[in-house]
Structure formats: C-alpha cells, structure tokens
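**Student:** predicted coordinates and the sequence they were generated for:
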Amino acid sequence: DIENSRYLMSFGADFLSTWVSPVRYARGYGEFRQGGHSRGVHVQVDSRFSMTAANADEWVPVRPGGEGILAMSMIYVIIKEGLGHTEAGELLTAGKGYQSLESFKPDDADVFEATGISAERITDLARTFADPGNQPSLAIGGGSAGAHTSGLFNMSAIYSLNLLVGNVGKDGGVIFTPLSPLEDLAKQEV
C-alpha cells in the first residue's frame, strides 16, 4: 500500500517503470508524494540507477544480489536495539534473538563485501525504517533483487522487515490480496 506509507524502501523493484503494474504504482506513488498526508520519503536500494531510483529521495547503490544481506543486517540492528516488535523478532530468530544473526552485523567485513554499504549507513537505514515517526514504513522487493541467484533469500529478508515493524495487513504496509469470494461457491454442493 504505497500511497498510505510514510517511508518506502524499495529493493530492486522498479515499480515506476517496469515492475508488475507501473500505472497502478505510479498512481499510488503520486498519492504517497502529494496525497492528503505529509510527503512520504522514498529510498531506492538498487544495483542500477533505474527510473524508480531517479525519482527517489535517495538511491542506495547495492552490489547485485546483496539486497537480502542488507535487509538482514537491518533486521539485526532493529532486533538488537529493540526498535521492532519483540514477538516478531522472536519469531524471525526462532527465539534466539539478535545473537543468531551475528553474521549479519553491519560492521562484519562479509556484509560490506556483499553489499558495498558501510556499517554506519546500514545502521542509519535500519533506525530510520523502524522509527515510530516514519510509520507506516514499507519495504518492497522485486526486479533485480528477486532475479539474482539469492532471490528467494533476498525477498524473504526484505519482506520480513515489514513483519518486524508491524506493518503487515495494515494501511501503508503489506496488504495481501483477499481470497476470492467464489471459493465459497465452489465448496457448496449442487
């Protein structure tokens, strides 16, 4: 729900140019930028300077395939600093806490190698995404982030950010497509 979010992080999803439904997303983006609420902030995490990156408030160039590592590093910061929902953090780490995500610490050399983004910048992105003043925040992923060999990992990590800040099933967050009302008809006997 782009139009009702206040802080949008898009990981590789070129939603203003070629991703899924550009007309629908451009309309939502227009509302996001100048609708009835304050102007939203858009950060585009992308390995290329896409049309969507050109329209963002900030472009964060990430190494191809590193989008999921960046999201996991942000998750590490959010859980460690207690910025997200505790229950979601417990669920995402199977009750082991941020210690189970040590390999994603922002200052880990492998994280920098995979993303090309400094520990300070990752920490800032995580804090800004989870900031109560920026809610509802929305993380979306697709396009180049999903097309890499690490695509499933990337998408899982990116969309987990929404769960961690409690923006699933809410306006301005991730809203799932409702089930078809026709399913009930198919279950009825004739």
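**Tutor:** Nice, thanks for sending it over.
**Student:** do you know the pLDDT at the spatially most central residue of the chain?
**Tutor:** Nearest to the mean C-alpha position of the chain, by CA atoms, centre = their mean, lies residue 139 at 2.0 Å. Looking at residue 139, its pLDDT reads 94.
**Student:** which residues sit in contact with it?
**Tutor:** Shown in contact with residue 139 (CB atoms under 8 Å, 6 or more residues apart in numbering): 9, 10, 11, 71, 129, 158, 159, 161, 162. In short, each C-beta sits where N, CA and C put it, glycine included.
**Student:** using the three-state scheme, assign the closest residue to it other than its chain neighbours.
**Tutor:** Distances taken as CB to CB, 6 or more residues apart in numbering place residue 161 nearest to residue 139, at 4.0 Å, with adjacent residues excluded. Classification of residue 161 into helix, strand or coil gives helix, according to DSSP: H, G, I helix; E, B strand; the rest coil.
**Student:** thought residue 161 was touching residue 75?
**Tutor:** Yes: using CB atoms under 8 Å, residue 161 makes contact with residue 75 at a distance of 6.6 Å.
**Student:** need the helices for the chain, in chain order.
**Tutor:** Here the chain has its helices, by DSSP state H, at 22-34, 51-55, 67-80, 86-92, 109-115, 119-130, 144-147, 151-164, 182-187.
**Student:** how near is residue 13 to residue 21?
**Tutor:** Noted for residue 13: a distance of 11 Å to residue 21, by CB to CB, to the nearest Å.
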